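J.: everything below, folded, please.
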Amino acid sequence: MRKRSRLLLLMLATAAFSTPLAVSGHPAGQSDLPGTNTPRPTAFSTNTVTPTPTPSPTPSLTLTPSATPTSTYTPTPSDTPTPSPTPTTIGPAQYPDGINSLTGLPYPNLEAQERRNLLVKISNFPPMVRPQSGMNSADVVYEYEVEGGVTRFAAIFRSNAPRHVGPVRSGRLMDMELVPMYQALFAYAGASRPVQQLMMSQPWARQAITPLIGDNCVEAGFCRFPGDGLAFEHTLYADTTLIWERAAQRGINLNFRARGFAFDETRDLGGIAADDVFIDYYGQTDARWQYDSETGRYLRYTDGLPHYDALDGDQVWADNVIIIEVPHEERTDLFEEESRSASQQINMWGQGRAFLFRDGVYYQVFWRRDCNARFTEGTPTLTPTPEGLDIDLPCASVPGTALMLVYGDNTPVMMKPGRTWVNVTRWMNYVSINEQAADMDATSTALARSWTPTYTMTPGPSHTPEATLAGTVVIPR
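T.: Purely as a prediction, here's the structure:
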């Protein structure tokens, strides 16, 4: 009898351990699987990395259910950062106080906030002018074709004040669009007689600071730095601090903003992966940008070689690369004396196709320059044209209405806060985009570095031989 009782107790105990337990409110034997009534979090595709939750410790065999189950999830402070009470809009029309509209970042100091945008013309051809100085100090750089398939840079400075920028070269018709777009001071070395006359007839003519009107080395910072085998025209460099001082003396160093760019640290959805973009300018020169995931920047190559900045020794870089397709016209009536070819009129008004590259992806968008100026009398007054010259300037946009990027539904495109490079091209079929970066190891990086000259900051003559131009309109200082 005792043996039979012990056997019966053993069988009952075995049956008890083989029966499933009810856990977390589920019926016995049912787990938390999709299709049950237990709420499941919805997965959204966002650009914000969600922190990986810390695994809960393994519960003990004795489970104590909560007294009152609830379906409302209350996150702990470590789960999700507390959002700002009011989202801050950075462009394209409104910018918070203290934010640079060129970069979407705070001004580094009060001096930068109070001075005016400064556009400096910088050479990019022939190759002996590379590496240039000060490119990595500019907030925005425009690169566009001048003539013969070569390019020139229009670098806009505000955040930084480098004391050695150049080599400084002559102005072009395109600058007549950029200067009013950014309400900028305009520093350049010269221009052909017809183009110079056109520039001096513009409403913004007093914003020009150039040796052509007597701005020299000691007073305005345009100094010569000769080099072995370097042609005279490639030896002029500018000190931006002296240019801003010169503008202050004339009462024109005003802290205007240029509006158009919109910024957000979080990139827009829909970007297409691409680490490499190549722009061919007629085969005469080219530009390549490759994304560096370690720094989050795009690095510049020109003619197959790394492109360096002689001022800081770093490879030229940008946070955003923009490519815009703009109609070009040959102006045979405006002859470029230095190149023996027609001037290029780049019709940068209205809108056209564009690419934006940021954070290793790109977007197919549109560029826009608003020319719907607001006129009090209803009819615009065209800028007087110098006698004997015929030029049509159809864009009468409000000064400070700069380049804007939009989607097809007119939604602003969000750029990465930081520095921007704008490549202007005739047609998009000059542009090649690749998901994987091209192998540039075959290029001679060491050779490119060996071209970096050592500059001696010794002031040159107070005036340059080409500073006097017969018939040039001199702006009162």
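
J.: where does this structure have its least confident helix or strand?
T.: Lowest by mean pLDDT, DSSP states H and E among the helices and strands of the chain is helix 2-17, with a mean of 42.

J.: tell me which helix or strand comes right after that one.
T.: helix 110-114 (DSSP states H and E).

J.: touching that following helix from outside, list them.
T.: Helix 110-114 has contacts (Cβ atoms under 8 Å, 6 or more residues apart in numbering) with 98, 100, 107, 158-161, 255. Placement of C-beta: from N, CA and C, glycine included.

J.: swap in 7 Å and give it another go.
T.: The contact list for helix 110-114 (Cβ atoms under 7 Å, 6 or more residues apart in numbering) reads 98, 107, 158-159, 255.

J.: now, of those residues, which are buried?
T.: 107, 158-159 (16 or more other Cβ atoms under 10 Å).

J.: dump the contacts of helix 110-114 into JSON lines; add pLDDT and distance to Tyr291 as well.
T.: Conversion of the contacts of helix 110-114 to JSON lines gives the following (pLDDT from 0 to 100; distance: Cβ to Cβ, whole Å):
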{"residue": "Gly98", "pLDDT": "97", "distance to Tyr291": "30"}
{"residue": "Tyr107", "pLDDT": "98", "distance to Tyr291": "27"}
{"residue": "Arg158", "pLDDT": "98", "distance to Tyr291": "25"}
{"residue": "Ser159", "pLDDT": "98", "distance to Tyr291": "23"}
{"residue": "Asn255", "pLDDT": "95", "distance to Tyr291": "33"}
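
J.: of the residues you listed, which is the nearest to Leu185?
T.: Arg158 (10.4 Å; Cβ to Cβ).

J.: which residues touch the closest one?
T.: Here Arg158 is in contact with 100, 102, 112, 115, 117, 139 (criterion: Cβ under 7 Å, 6+ apart).

J.: who wins for neighbours among those residues?
T.: Asn117 (27 neighbours; other Cβ atoms under 10 Å).

J.: quick one: pLDDT of it?
T.: Looking at Asn117, its pLDDT is 98.

J.: so it touches Met181, yeah?
T.: No: between Asn117 and Met181 there is no contact, the gap being 9.7 Å when judged by Cβ atoms under 7 Å.

J.: joint contacts of the two?
T.: The contact lists of Asn117 and Met181 share Ala258, where a contact means Cβ under 7 Å, 6+ apart.

J.: name the element Arg353 belongs to?
T.: With DSSP H and E as the test, Arg353 turns up in strand 350-358.

J.: what does Gln197 give?
T.: helix 193-200.

J.: and if you look at Val218?
T.: Counting by DSSP H and E, Val218 is found in helix 217-220.

J.: same question for Phe256.
T.: Judged by DSSP H and E, Phe256 forms part of no helix or strand.

J.: any low-confidence regions in this structure?
T.: The chain contains residues with pLDDT under 70 at 1-87, 336-340, 372-397, 442-477.

J.: re earlier: including distance to Leu311, could the contacts of Arg158 go into CSV?
T.: Shown next, in CSV, are those (distance: Cβ to Cβ, whole Å):
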residue, distance to Leu311
Asn100, 20
Leu102, 19
Ala112, 18
Arg115, 19
Asn117, 20
Asp139, 15
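
J.: between these, which is nearest Leu198?
T.: Relative to Leu198, the closest of the contacts of Arg158 is Asn117; by Cβ to Cβ it sits at 21.2 Å.

J.: if I look at the closest residue to the closest one other than its chain neighbours, how far off is Gly260?
T.: In this structure, Asn117 finds its nearest non-sequential neighbour in Ala184, 4.1 Å apart by Cβ to Cβ, 6 or more residues apart in numbering. Here Ala184 is placed at a distance of 13 Å from Gly260 (Cβ to Cβ, to the nearest Å).

J.: the more surrounded of these two?
T.: Taking other Cβ under 10 Å, Ala184 and Gly260 do not tie; Ala184 has more neighbours (26 against 23).

J.: does the more buried one touch Leu118 like I think?
T.: Yes: with contact defined as Cβ under 7 Å, Ala184 counts as touching Leu118 (6.1 Å).

J.: intersection of neighbour lists for the two?
T.: Ile156.

J.: show me the contact partners of the one helix or strand Tyr362 maps to.
T.: In this assignment (DSSP H and E), Tyr362 forms part of strand 361-369. Contact with strand 361-369 is made by 181, 267-268, 270-274, 324, 348-356, 395, 397, 403-408, 413, 433, as judged by Cβ under 7 Å, 6+ apart.
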